[in-house]
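Trainee: Sequence first, then the predicted structure:
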Amino acid sequence: MSRVALVTGGTRGIGAAVAKALQAAGYKVAANYGGNDEAAAKFKSETGIAVFKWDVSSFDACAEGVKKVQTELGPVEVLINNAGITRDAMLHRMKPEQWSAVINTNLGSLFNMCRQVIEGMRERKFGRIVNISSINGQKGQMGQTNYSASKAGEIGFTKALAQEGARAGITVNAICPGYINTEMVQAVPKDVLEKNILPQIPIGRLGEPEEIARCVVFLASDDAGLITGSTISANGGQYFA
Ligand code: CAA
């Protein structure tokens, strides 16, 4: 029987590519999304993947949302924590709301989501959790004290939970994408992207969402049971960690 995979932020950007790749690999996929109904409806009609709307920064919303997914599709055996936002600003201009929105959505969601599925995974002695972190959690990025902190926090969370889950057949890994061709990166001011970012990428181009999706599919597979607590960099050589 095919496994159930849940992808947060799964209807756009990297998450949509991940959801589609998991579907192609034979998983029953649920794609969570936070707000963009139009994009979610389009994604659903194009792919046939079930979509579920809730806010991953809310513990209670995650509890309710995961329960719904499990009732409709079955126990979640693969969880991809992909949902993330940016609220870029230099620290001297950053508002408390910009800090907390990013920390609660990007990092808080790992607790909110993993907590819903971890007991079931432990009971069944199998689980795959992949957290989509970022190159900017590894190297830091000006304008992103909030985002870099959240993404670095995801790496620590990954390493800790990997230790807790190992004996129960649960692997937990982080992928750190570099600059990927998505709406999030397209929102970076064009001159900054061209002048400051692209020249730092040795392969000379942005990554594509499908390139991250292929890493996820491998980490989710039974074949990847030896890999846990890892941080996989997929950034075109921009930063070696
Ligand atoms: N790298 C190097 N230099 C940068 C830079 C960057 N990423 N971003 C800005 N700068 C430079 C600017 O070119 C500018 O330099 P000059 O004064 O020499 O022209 C200086 O910093 C100040 O920049 P701004 O005038 O734009 O100042 P601001 O206060 O209006 O905005 C900012 C600052 C918020 C950092 C804005 O420039 C910005 O949004 N930069 C992009 C930050 C970024 O890289 N975000 C990543 C988003 S994608 C993502 O997060 C996905 C992922 O995981 C990789």
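Mentor: Looks like it arrived, so ask away.

Trainee: and whichever strand or helix holds M121, how far out from the chain's middle?
Mentor: Taking DSSP states H and E as the definition, one finds M121 inside helix 109-124. Remark: helix 109-124 is offset 15 Å from the chain centroid, using Cα atoms, centre = their mean, to the nearest Å.

Trainee: For A187, grab the count of nearby residues.
Mentor: 10 (other Cβ atoms under 10 Å). The way it works is simple: take the backbone N, C-alpha and C, and place the C-beta from them, glycine included.

Trainee: Packing partners of the stretch of helix or strand A21 belongs to?
Mentor: Applying DSSP H and E as the criterion places A21 in helix 13-24. Judged by 3 or more Cβ pairs under 8 Å, 6 or more residues apart in numbering; DSSP states H and E, helix 13-24 is in contact with strand 4-7, strand 28-33, helix 37-47, strand 76-81, strand 127-132, helix 209-220.

Trainee: how about the helix or strand following the last one, does it get close to the ligand?
Mentor: Following helix 209-220 in sequence order, the next helix or strand is strand 231-234 (DSSP H and E). No: counting by Cβ under 6 Å from any ligand atom, the ligand has no neighbours in strand 231-234; the shortest distance is 11.0 Å.

Trainee: Going by neighbour count, which residues in strand 231-234 are buried?
Mentor: For strand 231-234, a neighbour-count test (16 or more other Cβ atoms under 10 Å) marks 231-234 as buried.

Trainee: export those residues to TSV and tack on pLDDT?
Mentor: Below are those laid out as TSV (pLDDT from 0 to 100):
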residue	pLDDT
T231	98
I232	98
S233	98
A234	98
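
Trainee: returning to what we had before: give me the residues contacting the helix holding A21.
Mentor: 5, 7-11, 29, 31, 43, 47-49, 78, 80, 82-83, 132, 177, 180, 182-184, 208-210, 212-214, 216-217, 220 (Cβ atoms under 8 Å, 6 or more residues apart in numbering).

Trainee: which helices and strands sit right next to the longest helix along the chain?
Mentor: When the chain is scanned for its longest helix (criterion: DSSP state H), the result is helix 145-165. Applying 3+ Cβ pairs under 8 Å, 6+ apart, we find helix 145-165 packed against helix 96-102, helix 109-124, strand 127-132, helix 135-139, strand 170-177.

Trainee: Against which helices or strands is the third one packed?
Mentor: In this structure, strand 127-132 makes packing contacts with helix 13-24, strand 76-81, helix 109-124, helix 145-165, strand 170-177, helix 209-220, judged by 3+ Cβ pairs under 8 Å, 6+ apart.

Trainee: Not counting its own residues, what contacts the last one?
Mentor: Think helix 209-220. Here helix 209-220 has contacts from 5, 13-14, 16-18, 20-22, 25, 27, 78, 80, 128, 130, 132, 171, 173, 175, 177, 180-182, 224, 227, 232, 234, using Cβ under 8 Å, 6+ apart.

Trainee: swap the cut-off to 6 Å and go again
Mentor: The contact list for helix 209-220 (Cβ atoms under 6 Å, 6 or more residues apart in numbering) reads 14, 17-18, 21, 25, 78, 80, 128, 130, 173, 175, 177, 180, 224, 232, 234.

Trainee: again, but for the second one
Mentor: With Cβ under 6 Å, 6+ apart as the test, strand 76-81 has contacts from 3-8, 18, 110, 113, 117, 128-131, 216, 220.

Trainee: rerun that using 7 Å as the cut-off
Mentor: Contacts of strand 76-81 from elsewhere in the structure, counted by Cβ atoms under 7 Å, 6 or more residues apart in numbering, are 3-8, 18, 27, 66, 69-70, 109-110, 113-114, 117, 126-132, 216, 220.
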